[in-house]
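Colleague: build me a structure from this.
(chains A and B)
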Amino acid sequence: LIAAAQRHGARVAIARVESLAPQNGCVRVVTNRGVLEAGSVVVTVNAWTRDLIPALHETMMPVRGQALAYAPIRRVFRAGVGAAVTPTGEYWHQTPEGAIVIGGCRACAPGRDVGVTEMVPTPAVTAAIEQILPRLFPRLDGLTVTRRWAGLMAFTADYVPVADAAPEMPGVWVAGGFCGHGMPFGMRFGQLLAEAALTGATPSALMPFRLARPTLQPPHLQR
Amino acid sequence: MSVFHDAPSYWQATAPAPVMSTDLPATAQIVVVGGGFFGAATAYFLAHAGAAPLVIEQVAPAYGATGRNGGFHVVGTAEGYADAVVRLGRDTARAVMQITLDSRALLRQVIAEEQIACDYRETGHLSLALGDAQYADLRRHVAALHADGFAADLLDRHQTQELIDTPLSDEITGALYGAEDALLHSARLVMG
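Modeller: Numbers count the residues shown, from 1 in each chain, chains lettered A, B, ... in the order given. As a prediction, this is how the structure comes out:
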């Protein structure tokens, strides 16, 4: 998608955005490689959102997820598979090369890895992940781990992502809080946030994802 | 040498080298902060509309959750659909579900138009049930999906076994099957 975007005229810069400051009808974008002025900004950093939009600190909670890959084996799984061996769930699929990528077992981490932002896997969780396939498929053998990793998700209180204008930051749009389930939102959210940035108005299709929805308010304010 | 400070995922380790980057300009009409799937999609639609956006990514495209996930495209709400209906109300749950179907249609279209080689394949997705209580839960979700006009199949243990080429343990009682759900290479999707 990035190469396709570049063919249509997008540019890509590698820099860490440190803050966003709306002023005089534009947005000052402060990075570790310099400052620029933007007409509008779309924030698409999910677990890192609260670094740039402090008002969303409580809305999108970073949560660490862990996964590993097994070396290629014969074709066993064609479909993707999910299961709830632990309460937080597991998932795996076999790639065209025959490798199996599997993750989950967050329930085996202290505090379920909620609020953890170090992108490193831990022995307790990866050991639990390694027990999933042998438990569910007792005849499956030859599983050899080739790599282990971790990543950051962001969760909202009602398990629905946010997509809206950033609070009190004119010219800044934001979406995130995909709750470990962002892939099926990415394209349409991209299209709708592009529309928001181009028109300056929130598309009506984003109503279910607004920050002011009842199910996202603190419990004592709901209903 | 890897550009990743942390242990790279299977996807990050098997994706092509990151795209060419430019120096930071002094001004830009529209900036997209973040080079994951959603940021790349936003930049794609902005560029397609002629807006020449600037993407600013802190480390590399697909450095965050996109590049470290399970490689799934499974439509629907993050929690089971019947639970989402109770929590959100039926109209909102249906709207969230519909967004994911619309998003899949866009993904199919753009992958074809831009010839993005990301191993996208609609293999179907199985959500397994372990024991009778989980099977009853899946039955509830399938009923709620059907009531709102969405597709899903409830498979019994025998039908589930037919889709997995190794014997199932006794605790697997069945599955919810989404026939059009897909698998993909997340990092190649973002780079492509």
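Colleague: so after the helix or strand hosting B:Phe38, what's the next helix or strand?
Modeller: Assigned by DSSP states H and E, B:Phe38 belongs to helix B:37-48. Using DSSP H and E, the next helix or strand after helix B:37-48 towards the C-terminus is strand B:54-57.
Colleague: what separates B:Thr173 from A:Ala157, distance-wise?
Modeller: Separation of B:Thr173 from A:Ala157 (Cβ to Cβ, to the nearest Å): 31 Å. Quick note: C-beta positions are derived from backbone N, CA and C, even for glycine.
Colleague: no, scratch that, I was asking about A:Thr117
Modeller: 19 Å.
Colleague: looking at the two, which one has more neighbours?
Modeller: A:Ala157 (18 against 12; other Cβ atoms under 10 Å in any protein chain shown).
Colleague: quick one: contacts for that one?
Modeller: A:59, A:215-216 (Cβ atoms under 8 Å, 6 or more residues apart in numbering or on different chains).
Colleague: what do you get for B:Thr42?
Modeller: Counting by Cβ under 8 Å, 6+ apart, B:Thr42 has contacts A:42, A:44, A:189-190, A:193-194, A:197, B:32, B:53.
Colleague: report pLDDT for it.
Modeller: Looking at B:Thr42, its pLDDT is 98.
Colleague: please apply the same query to B:Pro18.
Modeller: For B:Pro18, the predicted pLDDT is 68.
Colleague: now do the one 10 residues further on
Modeller: Looking at B:Ala28, its pLDDT reads 97.
Colleague: what sits against the residue positioned nearest the centre of chain A?
Modeller: Per Cα atoms, centre = their mean, the C-alpha nearest to the average position across chain A is that of A:Met153, at 4.3 Å. Neighbour list for A:Met153: A:46-47, A:62-65, A:178-180, B:65 [criterion: Cβ under 8 Å, 6+ apart].
Colleague: can you give me the helices in chain B?
Modeller: B:10-13, B:37-48, B:81-88, B:90-114, B:131-147, B:157-161, B:186-191 (DSSP state H).
Colleague: and those, which is most packed in?
Modeller: helix B:37-48 (a mean of 30; mean count of other Cβ atoms under 10 Å in any protein chain shown).
Colleague: what's the angle from it to helix B:90-114?
Modeller: Between the axes of helix B:37-48 and helix B:90-114, defined by axes from the mean of the first three to the mean of the last three Cα atoms, to 10 degrees, the angle is 60 degrees.
Colleague: still on that earlier bit, just flag the most distant two among the contacts of A:Met153.
Modeller: Maximum pairwise distance among the contacts of A:Met153 (Cβ to Cβ): 14.4 Å, between A:Arg64 and A:Phe178.
Colleague: what comes up buried for stretch B:51-59?
Modeller: Within stretch B:51-59, the residues that count as buried by 16 or more other Cβ atoms under 10 Å in any protein chain shown are B:51-59.
Colleague: stretch A:123-143 too?
Modeller: Of the residues in stretch A:123-143, A:125-126, A:128-130, A:132-133, A:136-137, A:140 count as buried by neighbour count, 16+ other Cβ under 10 Å.
Colleague: near chain B too, which of those?
Modeller: Applying Cβ under 8 Å from any Cβ of the partner chain to the buried residues of stretch A:123-143, one finds that A:136-137, A:140 fall near chain B.
Colleague: quick check, nearest of those to B:Asp156?
Modeller: For these, the nearest to B:Asp156 is A:Leu136 (16.6 Å; Cβ to Cβ).
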